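Peer 1: need a structure here:
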Amino acid sequence: MSVRIVLVLSDNSEITSEQVLTFRFEKEAYLPYTTLSASFLTTQVVEGEVTGVKLYIDSRLVHHGTSDTFETKRKGDCFHGKLTSRSFTSMLLQNQLEPGMYTHISLNRLMDGFVTIPNVTHEDSPDESGYIYVKYGSDQWDGIVNLCYKQQLTYPYIGGTNCVMFTPKTEPVQVTIDNSHQLESGHRSIDKRIVSDWHMADVDDAYGTFDLHVAAADSRGIVRHRYFELDRQYLYSPASALDFRAAYAGRGMKCDFCTYVGYSGEDLYDIASFGSITGRICRIVVTGSRSGITTSLSIYHDYFHS
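Peer 2: Now for the predicted structure:
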């Protein structure tokens with residue numbers, strides 16, 4: 001299994017290294033970008049600014065993003081490089097939309113009609129049945145999230161390399177890891193984000209009309225109350241403002257995971273099976289060194305993932 005780091009320079013030239021010492025690549029269902037950290041060797045002098053980073057595992061491009069940090073130093077007859085990178089979709093969090101109400105809005109219009117981000121694509125979704133209300137300071141990803149919840153009752157994710165998706169794959173890859181290939185497997189729970197009670201103000205800024213109690217908090221002995229102003233994002237269905245917040249606060253609250261040797265090319269929302277567990281992949285962590293590559297897969301059990 002081969003690993004390549006490609007540096008894209010400001011003049012659009014590229015430097016490729018197959019001498020990757022270590023790397024860590026991560027992709028997660030609730031994170032709108034992939035992350036990469038890597039250490040590598042190259043005999044080429046890096047002249048000019050590094051403006052992009054690519055990671056290939058075999059022939060598959062799994063990461064393409066900006067260079068957040070880059071360092072190179074001479075070691076004998078070659079250069080030792082270190083970098084961190086986030087995929088180009090991270091800029092969905094770094095661009096704000098003009099405040100106001102957007103009616104007859106679709107994912108296509110939201111991605112193509114406002115801020116254009118290089119190397120970012122999206123699922124073809126012309127459905128204009130929803131609307132979004134953009135508050136001051138809201139970013140583009142926030143608009144995507146709210147539109148996806150209104151139209152699909154799901155959470156958007158990044159598929160492939162920098163592709164914004166609303167719907168799960170129709171033909172997912174199926175990865176089966178038998179016991180002999182597993183390095184470890186287990187179960188994880190995260191309760192720290194769970195909120196027991198949500199309270200939203202009405203049009204008169206009074207509380208008591210829109211309330212939601214989260215039953216999952218009871219058995220855990222969790223008491224956490226949150227109050228917020230009337231959310232104009234969900235005027236058509238005020239209860240949805242409460243439901244969405246409760247669902248997001250409980251993200252990843254239960255998780256089954258497995259780590260195995262190698263990488264099979266799986267992506268988010270492909271299907272993994274290990275032991276008695278089968279489900280959609282919600283988190284992928286691929287790490288590598290000169291001793292080999294390992295992949296950790298996580299399957300979530302929360303509101304958005306049964």
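Peer 1: Can you show me the helices along the stretch 101-250 of the chain?
Peer 2: Counting by DSSP state H, counting those that start in this stretch, one finds helices in the stretch 101-250 of the chain at the ranges 107-112, 140-152, 238-249.
Peer 1: which residues make contact with the first one from outside it?
Peer 2: Residues from elsewhere that reach helix 107-112, judged by Cβ atoms under 8 Å, 6 or more residues apart in numbering: 102, 120, 122-128, 132, 140, 143-144, 147-148, 164, 166. Placement of C-beta: from N, CA and C, glycine included.
Peer 1: Where does the prediction get shaky in the chain?
Peer 2: Flagging of the chain using pLDDT under 70 yields an empty set of residue ranges.
Peer 1: Recalculate using a threshold of 90.
Peer 2: Low-confidence segments of the chain (pLDDT under 90): 1, 45-48, 75-77, 114-116, 129-130, 169-170, 179-180, 290, 306.
Peer 1: Which of the contacts of helix 107-112 are buried, as a PyMOL select command?
Peer 2: To isolate the buried members of the contacts of helix 107-112 in PyMOL, using 16 or more other Cβ atoms under 10 Å:
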select buried, resi 102+120+122+125+132+140+143+144+147+148+164+166
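Peer 1: Pick the most deeply packed of the helices of the stretch 101-250 of the chain.
Peer 2: Mean neighbour count, computed with mean count of other Cβ atoms under 10 Å, is highest for helix 140-152 among these, reaching a mean of 21.
Peer 1: how much does that helix deviate in direction from helix 238-249?
Peer 2: Computed with axes from the mean of the first three to the mean of the last three Cα atoms, to 10 degrees, the direction of helix 140-152 lies at 120 degrees from that of helix 238-249.
Peer 1: Which residue is the nearest non-sequential neighbour of Gln174?
Peer 2: Closest residue in space to Gln174, ignoring its immediate chain neighbours: Ile271 at 4.7 Å, by Cβ to Cβ, 6 or more residues apart in numbering.
Peer 1: so what's that neighbour bridging to?
Peer 2: When assigned by DSSP bridges, Ile271 has beta-bridge partners Gln174, Arg280.
Peer 1: Quickly note the distance from it to Val115.
Peer 2: According to Cβ to Cβ, to the nearest Å, Ile271 stands 34 Å off from Val115.
Peer 1: list the contacts for the residue nearest to Gln174?
Peer 2: With contacts defined as Cβ under 8 Å, 6+ apart, the neighbours of Ile271 are 172-175, 278-281.
Peer 1: Ser85 contacts Phe25, correct?
Peer 2: No - if you go by Cβ atoms under 8 Å, Ser85 and Phe25 don't touch, sitting 9.6 Å apart.
Peer 1: biggest strand in the protein, by residue count?
Peer 2: Assignment by DSSP state E gives strand 60-75 as the longest strand of the chain.
Peer 1: okay, it in CSV with CA atoms only?
Peer 2: Provided in CSV are the C-alpha atoms of strand 60-75 (Å, rounded to 0.1, in the frame of the first residue of the first chain):
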residue,chain,number,x,y,z
ARG,A,60,-7.1,7.3,-4.2
LEU,A,61,-7.1,11.1,-3.4
VAL,A,62,-8.4,11.2,0.1
HIS,A,63,-7.5,14.7,1.1
HIS,A,64,-7.1,18.0,-0.7
GLY,A,65,-6.8,21.2,1.3
THR,A,66,-5.0,24.3,2.4
SER,A,67,-1.6,24.3,4.1
ASP,A,68,-2.4,25.4,7.6
THR,A,69,1.2,25.0,8.8
PHE,A,70,4.3,23.9,6.9
GLU,A,71,7.9,23.5,7.9
THR,A,72,10.9,22.1,6.1
LYS,A,73,14.5,21.6,7.2
ARG,A,74,17.6,20.1,5.7
LYS,A,75,18.7,16.7,7.0
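Peer 1: Could you list the buried residues of that strand?
Peer 2: Buried residues in strand 60-75, defined by neighbour count with 16+ other Cβ under 10 Å: 62-67, 70, 72.
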